[in-house]
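Colleague: generate coordinates for the sequence data below:
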Amino acid sequence: MDPITRPLRFGVLGRGTTFARWEARCLGALLALPDVRPALLLQCDRGAGLDPAAGRPLLFRAAARLPRPTAWHHVDLASRLEGIPSVQCRGPAVGERSFELDPTAVQRVQEERLDFVLQFGPQEVRGDGLRAPRHGVWRFRFGERNEGGGGPPGFWEVCRGEFATGAALVRLADREDADVVLRKGFFRTSLESFARTVDAVLLGVVDWPASVCRDLRAGDAGYLDAPPSPVGLPEMPPPTNAETVRLLGLEAARTVGALYRGLVRHDDWTIGVVDAPIRAFLERDFRPAVGWIPPPGDARFIADPFGLEIDGDLSIVYEDFDYRTARGTIAAIPAGEAVPRTAPRVAIELTVPSSYPFLFHHDANVYCIPETHAAREVSLYRLVEFPDRWDKVATLLRGIAAVDSTVFPHDGRWWLMCTDHDQGENLRLFIWHAPRLEGPWEPHAANPVKTDIRSSRPGGTPFVHAGALYRPAQDCSRTYGGRIVINRVARLTPTAFEEETVAAVGPLSGTRFPEGVHTLSAVGERTVLDGKRYRFMPRAVPYVVRRGLAGARP
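Modeller: Residues are numbered from 1 along each chain as shown. Next comes the predicted model:
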């Protein structure tokens, strides 16, 4: 597909100029783009109207207002859409969930030369209306394809205790079983709150149509013309009154349970060493024998290990976290030494909380990139003398709250992958690239390249095996640091990114730290990782309470 240099023109198919907040934010993201213009409002009164709870059973309508998801609040965009021509589009119904645009509306779409129509509302277009815009009709899916209308985003995931809730932006096809998937992502289900889950999903997809427009402008949207395929989201029936009562009971019980666990079960991490290379974790039946380092105890834990060999001996740089100060420190364990029981041995002195000291070799030097999102920069340190002499040699990125920055060379360029604390530290993957380690660094054309609570956040050392590039990532859907997944990167260029999950690591049941893993790092033919257990630490309680008061999930 060639780049589009003329302005993009789009239509909005909805119920007038009043929208749900998440829909308004979708339009706001489109209107913020240069040379992307709304050209036609298609007004349709079909379906359940603006309120997603309308037409649902009585108890669901009541529960949906206590509390009401922010994403469902109404926003009037009449002033922003003033002067845009409109047309009524009510046509014949096609089953309970679909309808056709009437011939006059189809003709207006063609006359306005629309590139696409963004459709909101419970029913979807069929027939000639799908072919009238140059790039079709776009619509969000949340698992509601069946004739009964399905459940709203997150309802069934909360009911069934599923840790991730999926969503997709599709180009509608005139079929009952398939669409053209334009964007797809998975969000963490808040098992204690249906309302929080709705907000996480709906407010998390608002930039997807704008992202596809950027691809159209750059000539990277060939996927718009791909053949339809199943979306891969589960089809959900509409909720009943009985199921709504069950949902409310589950929310209450889980909230009490989460508060209790937050006060008496605290994360206690430590570091382990595996005498096997990182590629061994790709094997389906691999069961690592882990040599655990005794944790410091009291109100501290150790995690995020990265290792280096000095004269054949393994030394480790890691995060040392203190619950009392709510602060992580970059510390080091020289070969043959133990973790200090009192203050950690500081490797890199920093003025902000720090973690994830990513280590790598380049031009006979050892470099470290500690995670310092509070400083809103990604900085590069070179080892002068282990363990505690490091020189800051460059700042790779500024103004970005980057989380767990991971840097590596591939196909003649340097790549930096991270998540962004401001946009969901476990959810969206961002990439930068540069011709040299020192830069200049440029953002990937498709940023964020991925939205998936199960496999976005970096979790260790990328590696090459049998000619393929692999990337460890964190699966934070069940809990923060639940496990590591290993993704095989199928395509990595300045404008494209594709990967698939091929292996999972942990949690390491049967060991002393069976509750989670969130770092997997290569050190020659050995691997270092971390493991989590739960235990009561009295000095951690104030930290948990402060996070709870700040609105963090226990």
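
Colleague: where does pLDDT dip in the chain?
Modeller: 45-66, 91-96, 144-151, 548-554 (pLDDT under 70).

Colleague: and the contacts of stretch 333-353?
Modeller: 271, 293-298, 300, 302, 310, 313-318, 320, 326-332, 354, 357, 368, 370, 372, 374-375, 381, 386-388, 390 (C-beta atoms under 8 Å, 6 or more residues apart in numbering). C-betas here are computed from N, CA, C, even on glycine.

Colleague: repeat that for stretch 377-395.
Modeller: 308, 310, 315, 317, 332-334, 345-348, 365-370, 372, 396-400, 402, 405, 416, 418, 437-439.

Colleague: the stretch 451-554 of the chain: helices as residue ranges?
Modeller: 541-549 (DSSP state H, counting those that start in this stretch).

Colleague: what residues sit buried inside stretch 273-293?
Modeller: 273, 274, 278, 279, 281, 282, 288, 290, 292, 293 (16 or more other C-beta atoms under 10 Å).

Colleague: can you tell me which of those residues lies closest to residue 215?
Modeller: Nearest to residue 215 among the buried residues of stretch 273-293, counting by C-beta to C-beta, is residue 282 at 31.7 Å.

Colleague: CA-only coordinates of stretch 188-202 in PDB, if you can.
Modeller: Extracted C-alpha coordinates of stretch 188-202, given in PDB (Å, rounded to 0.1, in the frame of the first residue of the first chain):
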ATOM      1  CA  ARG A 188      -6.000  -7.100  32.900                       C
ATOM      2  CA  THR A 189      -9.400  -8.000  34.400                       C
ATOM      3  CA  SER A 190     -10.100  -6.400  37.800                       C
ATOM      4  CA  LEU A 191     -11.700  -9.400  39.400                       C
ATOM      5  CA  GLU A 192     -13.000  -7.200  42.300                       C
ATOM      6  CA  SER A 193     -14.700  -4.600  40.000                       C
ATOM      7  CA  PHE A 194     -16.700  -4.900  36.800                       C
ATOM      8  CA  ALA A 195     -16.600  -1.100  36.500                       C
ATOM      9  CA  ARG A 196     -12.800  -0.900  36.700                       C
ATOM     10  CA  THR A 197     -12.600  -3.600  34.100                       C
ATOM     11  CA  VAL A 198     -14.900  -1.800  31.700                       C
ATOM     12  CA  ASP A 199     -12.800   1.400  32.100                       C
ATOM     13  CA  ALA A 200      -9.500  -0.500  31.600                       C
ATOM     14  CA  VAL A 201     -10.800  -2.000  28.300                       C
ATOM     15  CA  LEU A 202     -12.800   0.800  26.800                       C
END
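
Colleague: the closest residue in space to residue 500 that isn't next to it in sequence: neighbour count?
Modeller: Residue nearest to residue 500 in three dimensions, not counting chain neighbours: residue 488, with 5.7 Å by C-beta to C-beta, 6 or more residues apart in numbering. Per other C-beta atoms under 10 Å, the neighbour tally for residue 488 reads 16.

Colleague: same check, this time on residue 432
Modeller: Quick note: residue 432 (other C-beta under 10 Å) scores 24 neighbours.

Colleague: in the buried residues of stretch 273-293, find the pair that's most separated.
Modeller: Taking C-beta to C-beta, no two of the buried residues of stretch 273-293 sit farther apart than 282 and 293, at 24.8 Å.
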